[in-house]
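Q: Take this sequence and fold it.
(chains A and B)
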Amino acid sequence: MAPRITTAEVAHVARLARLALTESELETFTGQLAAVLDHAADVEALDTTGVPPTAHPLPLVNVLRDDVVAPVLDREEVLAQAPATEDHRFRVPRIIGEAP
Amino acid sequence: MNGHESALGVAAAVRRGDRSAAEVLEEHLARIGEAEGEIHAFNTLTEDAARAAAAAVDATVAEGRDPGPLAGVPVAVKDNLCTRGIRTTASSRILEGWVPPYDATVVSRLAAAGAVMVGKTNLDEFAMGSSTENSAFGPTRNPVDVTRVPGGSSGGSAAAVAAGFAPLALGSDTGGSIRQPAAFCGVVGVKPTYGAVSRYGLIAFASSLDQIGPFAHTVADAAALYDVIAGHDALDSTSLSEAPPEASARLEAGVDGLRVGVVSELVSADGMAPEIAERARRAADALSAAGAKVDEVSVPAATYGLSAYYLIAPAEASSNLARYDGVRYGLRVPGEDVTEMYVRTRTEGFGAEVKRRIMLGTYALSAGYYDAYYGKAQQVRTLIIRDFERAYESFDVLIAPTTPGTAFKIGDIVDPLTMYLNDVCTIPSNLAGHPAMSVPYGTASDGLPIGVQVLAPALGESVMFQVAAALESTAGSL
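A: So this is what the prediction gives:
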């Protein structure tokens, strides 16, 4: 039987999730995720043909309010919590690199 | 109630003017001062704000105005509920230094009811865990036996009530995080119907499962707290618009003629200790002796709850926790460019269990696996709801154990899957969106508390609390 999940797949998933793992973390997590996925095999084996999925316990609908001005959080108070700001905005490091 | 005073007793005395809120608070702060060093229930104590709140309650009483139903009652609040001006950590490094600019709706409602918040309680990081060991601030100890865990993730709140630090506490329950620690610490813990209590200001873990709920020593105290926090909130789009059921309405009504089902699949769940299964059956027998019609009932899909939950909850968590990117609040670890900053911040800011769940969820949602894992788990969720609905055609409430075992030793469970198995009896109610509560029901042969669950259909809180109150009144004769 092929392994449930490979270290290469775990490394890929970590990249997607913006997490850096050491080699030993990668090994540990691979074994642990495989164990959880193995346990979930009972669900895989279950015949669910024609059963609709439930994403949420409530029938969700858009909740709208009238378009009138209401109190909102103070902008400066919110920005005061940010690691870095500039000109009343969040400041982040460079996003797009220099042209080669 | 372990010799601790009841919240309703405190509120009644403060409302009459027999005791001052200030005096009640100082008594509880003194108990915290004595034992908190050993228990570590709190991440943050809020003595100054509490003294101001207690003084305000006393002033209201002196002026002859209504100080609210929970006047002067000290309350401990799980540290994943936002508190304006008071740091809120979710027991994670990634929220280091963050001070919320707003209160969670439940926190505002507590204050409006005259309750006095004494502090923010420890939890498993982002509420992911069953032992409160996954905290960036270290574990909480079980007041019943300090070598053992208090359960989790709301372990700090359960311990705060059990230790007499506060008669009431708030927790959050995504897969059992209120009920399991309540069972481990010998207190009452309630997960309300999904949508009955506003989630505004609750740091999100798995949004289709999370609910905020009460801890207390007695069913009546828990009902009083439920009645304060439940109800529609325009700030939560999943808040139910109908009036919430009154939890305190039928506490004295008894169970004569009620139909009570014992859930076969949960009584015989994976790893269930025989004496805990037997205790759930004895609880049903006690209800039968009090006039209820008791029978076994099968909820077949509940068997698959754990597997479905550990795909659905991590999937939702992986999406919810994408917001911790070092841009708007909390920790930022600098990097050369924005991606490197994201990676460094998240890698240093999140603990191992949070990373594990983010990766599990990311995997379950990733291309090629979505249908096999997340899609399938969502179908199982439908089957669980259908099976519960079928059971509730014949029964008013259901009975099940809360946990497969009693509180384990700190450091004893290191394997994640073994830890997850703690939630086997509590998860089905979260997947269904139904209310459920754990009531202390005596102790096991090891001397540790056992909890029995009462489950009810959506918005069935009145009958759930009614049966829980009847059960509580029989626990003394165990």
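Q: State the distance from residue B:265 to residue B:288.
A: Separation of residue B:265 from residue B:288 (CB to CB, to the nearest Å): 20 Å. (Each C-beta comes from the backbone N, C-alpha and C, glycine too.)
Q: Which of those two has more residues huddled nearby?
A: More crowded of residue B:265 and residue B:288, by other CB atoms under 10 Å in any protein chain shown: residue B:265, with 20 against 14.
Q: Kindly format the C-alpha coordinates of the helix or strand where residue B:389 lies as PDB.
A: Residue B:389 belongs to helix B:376-394 when elements are defined using DSSP states H and E. Presented in PDB, the C-alpha positions along helix B:376-394 are these (Å, rounded to 0.1, in the frame of the first residue of the first chain):
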ATOM      1  CA  LYS B 376     -16.700  13.300   1.800                       C
ATOM      2  CA  ALA B 377     -16.600  14.700   5.400                       C
ATOM      3  CA  GLN B 378     -19.300  17.300   4.400                       C
ATOM      4  CA  GLN B 379     -21.500  14.400   3.300                       C
ATOM      5  CA  VAL B 380     -20.900  12.600   6.500                       C
ATOM      6  CA  ARG B 381     -22.000  15.800   8.300                       C
ATOM      7  CA  THR B 382     -25.300  15.500   6.500                       C
ATOM      8  CA  LEU B 383     -25.700  11.900   7.600                       C
ATOM      9  CA  ILE B 384     -25.000  12.800  11.200                       C
ATOM     10  CA  ILE B 385     -27.700  15.500  11.100                       C
ATOM     11  CA  ARG B 386     -30.200  13.100   9.500                       C
ATOM     12  CA  ASP B 387     -29.500  10.400  12.100                       C
ATOM     13  CA  PHE B 388     -29.900  12.900  14.900                       C
ATOM     14  CA  GLU B 389     -33.200  14.200  13.400                       C
ATOM     15  CA  ARG B 390     -34.500  10.600  13.200                       C
ATOM     16  CA  ALA B 391     -33.600  10.100  16.800                       C
ATOM     17  CA  TYR B 392     -35.400  13.200  17.900                       C
ATOM     18  CA  GLU B 393     -38.600  12.000  16.200                       C
ATOM     19  CA  SER B 394     -38.700   9.500  19.100                       C
END
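Q: pLDDT (mean, whole number) over that helix?
A: Averaged over helix B:376-394, pLDDT sits at 97.
Q: so, in contact with chain A or not, it?
A: Yes - judged by CB under 8 Å from any CB of the partner chain, helix B:376-394 and chain A are in contact via B:376-383, B:385.
Q: Reformat these as CSV; add neighbour count and distance to residue B:316.
A: As requested, these are exported to CSV (neighbours: other CB atoms under 10 Å in any protein chain shown; distance: CB to CB, whole Å):
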residue, neighbour count, distance to residue B:316
B:376, 24, 16
B:377, 27, 11
B:378, 22, 11
B:379, 23, 16
B:380, 27, 15
B:381, 30, 12
B:382, 19, 17
B:383, 21, 19
B:385, 19, 17
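Q: how about the residues you listed, which pair is most distant?
A: Spanning the widest gap among the residues of helix B:376-394 next to chain A are B:376 and B:385, at 15.3 Å by CB to CB.
Q: neighbours of the nearest residue in space to residue B:316 that is not next to it in sequence, just the number please.
A: Distances taken as CB to CB, 6 or more residues apart in numbering or on different chains put residue B:206 closest to residue B:316, at 3.8 Å, once the chain neighbours are dropped. Close neighbours of residue B:206, defined as other CB under 10 Å, add up to 23.
Q: surely residue B:206 meets residue B:318?
A: No - contact between residue B:206 and residue B:318 fails when scored by CB atoms under 8 Å: they sit 9.8 Å apart.
Q: per-residue confidence for residue 33?
A: Let's take chain A. For residue A:33, the pLDDT comes out at 96.
Q: oops, chain B please
A: So, for residue B:33, pLDDT stands at 98.
Q: where's it, which helix or strand?
A: Per DSSP H and E: residue B:33 is located in helix B:21-39.
Q: so what's the backbone phi/psi at the residue nearest to residue B:316?
A: Main-chain dihedrals, residue B:206, degrees, to the nearest 10: phi -130, psi 100.
Q: cool, residue B:446 as well?
A: Dihedral angles for residue B:446 - degrees, to the nearest 10 - are phi -80, psi 0.
Q: all helices for the stretch 101-250 of chain B, in order.
A: B:105-112, B:155-162, B:179-185, B:219-229 (DSSP state H, counting those that start in this stretch).
Q: And the shortest one, how far out from the chain middle?
A: Which is helix B:179-185. Computed by CA atoms, centre = their mean, to the nearest Å, the chain-centroid distance of helix B:179-185 equals 9 Å.
Q: How many residues are close by residue 53?
A: Just going to use chain A. 15.
Q: that answer is for a different chain, and I need it for chain B
A: For residue B:53, the tally of surrounding residues (other CB under 10 Å) stands at 23.
Q: Which residue is the nearest non-sequential neighbour of it?
A: Setting aside the residues directly before and after it, residue B:53 is nearest to residue B:116 in space (CB to CB, 6+ apart), at 4.6 Å.
Q: Identify the residues contacting that neighbour.
A: Residues near residue B:116 by CB atoms under 8 Å, 6 or more residues apart in numbering or on different chains: B:21, B:24-25, B:50, B:53-54, B:57, B:72-75.
Q: mind running it again at 10 Å?
A: Contacts for residue B:116 (CB atoms under 10 Å, 6 or more residues apart in numbering or on different chains) come out as B:10, B:14, B:21-22, B:24-25, B:28, B:46, B:49-57, B:70-75, B:110, B:166.
Q: Which members of those residues are classed as buried?
A: Among the contacts of residue B:116, those classed as buried by 16 or more other CB atoms under 10 Å in any protein chain shown are B:10, B:14, B:21-22, B:24-25, B:28, B:46, B:49-51, B:53-54, B:57, B:70-75, B:110, B:166.
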